[in-house]
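K.L.:
task: produce atomic coordinates for the following.
(one chain, ligands or ions: 1)
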Amino acid sequence: MSEYRWLLYDVTDDGTIATITLNRPRQRNAQHRGLLVELDHAFLRAEADDAVKVVILRGAGPAFSSGHDLGSADARADMTPGPGQHPTYQAYGGTRTGVEQLWLQEWHFFLRNTRRWRDLRKITIAAVQGQVYAAGLMLMWACDLIVADETAEFADVVGARLGMCGVEYFAHPWEFGPRKAKELLLTGDSLTVDEAYRLGMVSKVFPAGRLEEDTLAFARRIARLPGPAALMIKEAVNQTQDNQGFYNSLQAAFTLHELNHAHWAVASEGGAYVWTPEAGGLSYKDAEPIRPAERSRP
Ligand code: ZN
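P.N.:
Now for the predicted structure:
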């Protein structure tokens, strides 16, 4: 029933629960432009559908999402000028030059869209497993509730791997707490699912193999609430965070993120907008494996 190429869209429970499934399991649901544009369409479709009360966001395969897609054949086809290029690379700042080009593209497809999903007029649940890395965190954080299975692990490795100050939607201090956010960003270590549960970022940890079924049962409980009450609960909490400075902090951190890209663009004389081996960075082959932050391991 899905007319999407990179995801699945299903509605169950008399139309009250919509499930969006990221469907690039071989690429660990890495996010390229085609997937992100379809995801925005699917979220807005669920938002427009008056029967839908809860939206579940999940990922097919062993991982929820390994982050932005920096190099698969699909991602390269999206970016490369020509008939196969995704049309959004010829708009939304894509035809501009210099810092403006990346700044506008990332604003539209990494910051503004994530904000839009966070404020969706439905209750959203991210159901995650396996790798939830870097931009995978952004997708998950945009949802109102996060449930996981025992295999889930969380990390933003862009500091350690790419010389960047975190991903574009900088919710880290709000989700991890300020000290843990600094530790995880400075080391690239991961957070275990038990620690994520202890921090309150994850509401439920289901046994491996039961994520889909148990998430649906959880969603059904929430779908029983009267729609306006559910939305006003969401809005009351989101407004509280916005009044505490969440929105302004996101904007400010995004500006730093773009400054960080501009640094690498200048340092590489236009060759790259992240830290590369040519600039003294690590190649992926040499990067240490991602390991969980542990109490006594330096
Ligand atoms: Zn970026």
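K.L.:
nearest residue to residue 215 in space, please, no chain neighbours.
P.N.:
Once its chain neighbours are removed from consideration, residue 215 has its nearest residue in residue 127; the separation is 4.2 Å (C-beta to C-beta, 6 or more residues apart in numbering). Quick note: C-beta positions are derived from backbone N, CA and C, even for glycine.
K.L.:
am I right that that neighbour is in a strand?
P.N.:
Yes. Assignment of residue 127 by DSSP: H, G, I helix; E, B strand; the rest coil places it within a strand.
K.L.:
could you dump the helix ranked longest in the chain to PDB, C-alpha only?
P.N.:
Ordering each helix of the chain by length in residues (DSSP state H) puts helix 246-267 first. Listed in PDB are the C-alpha atoms of helix 246-267, where the atom choice follows Å, rounded to 0.1, in the frame of the first residue of the first chain:
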ATOM      1  CA  PHE A 246      15.100  25.100  23.700                       C
ATOM      2  CA  TYR A 247      14.200  26.800  20.400                       C
ATOM      3  CA  ASN A 248      16.800  29.600  20.800                       C
ATOM      4  CA  SER A 249      19.500  27.100  21.800                       C
ATOM      5  CA  LEU A 250      18.800  25.000  18.700                       C
ATOM      6  CA  GLN A 251      19.100  28.100  16.500                       C
ATOM      7  CA  ALA A 252      22.400  29.200  18.200                       C
ATOM      8  CA  ALA A 253      23.900  25.700  18.100                       C
ATOM      9  CA  PHE A 254      23.000  25.400  14.400                       C
ATOM     10  CA  THR A 255      24.800  28.600  13.700                       C
ATOM     11  CA  LEU A 256      27.900  27.200  15.400                       C
ATOM     12  CA  HIS A 257      27.500  24.000  13.400                       C
ATOM     13  CA  GLU A 258      27.600  26.000  10.200                       C
ATOM     14  CA  LEU A 259      30.600  27.900  11.400                       C
ATOM     15  CA  ASN A 260      32.300  24.600  12.100                       C
ATOM     16  CA  HIS A 261      31.600  23.500   8.500                       C
ATOM     17  CA  ALA A 262      32.900  26.900   7.300                       C
ATOM     18  CA  HIS A 263      36.100  26.300   9.300                       C
ATOM     19  CA  TRP A 264      36.800  23.000   7.500                       C
ATOM     20  CA  ALA A 265      35.900  24.500   4.100                       C
ATOM     21  CA  VAL A 266      38.500  27.300   4.700                       C
ATOM     22  CA  ALA A 267      41.100  24.900   6.100                       C
END
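K.L.:
so for that helix, mean pLDDT?
P.N.:
Computed over helix 246-267, the mean pLDDT rounds to 97.
K.L.:
which is the succeeding secondary structure element to the helix or strand hosting residue 154?
P.N.:
Here residue 154 is covered by strand 153-155, with elements defined by DSSP states H and E. Using DSSP H and E, the helix or strand that follows strand 153-155 towards the C-terminus is helix 158-162.
K.L.:
counting by contacts, list what that following helix packs against.
P.N.:
Packing partners of helix 158-162 (3 or more C-beta pairs under 8 Å, 6 or more residues apart in numbering; DSSP states H and E): helix 178-187.
K.L.:
hmm, who's touching the helix or strand just after the helix it packs on?
P.N.:
Secondary structure here is assigned by DSSP H and E; on that basis, the next helix or strand after helix 178-187 toward the C-terminus is strand 191-192. When contacts are taken as C-beta atoms under 8 Å, 6 or more residues apart in numbering, the neighbours of strand 191-192 outside the stretch itself are 153-155, 176, 180, 184, 199, 292-293.
K.L.:
how about a cut-off of 6 Å?
P.N.:
Residues outside strand 191-192 that contact it (C-beta atoms under 6 Å, 6 or more residues apart in numbering) are 154, 292.
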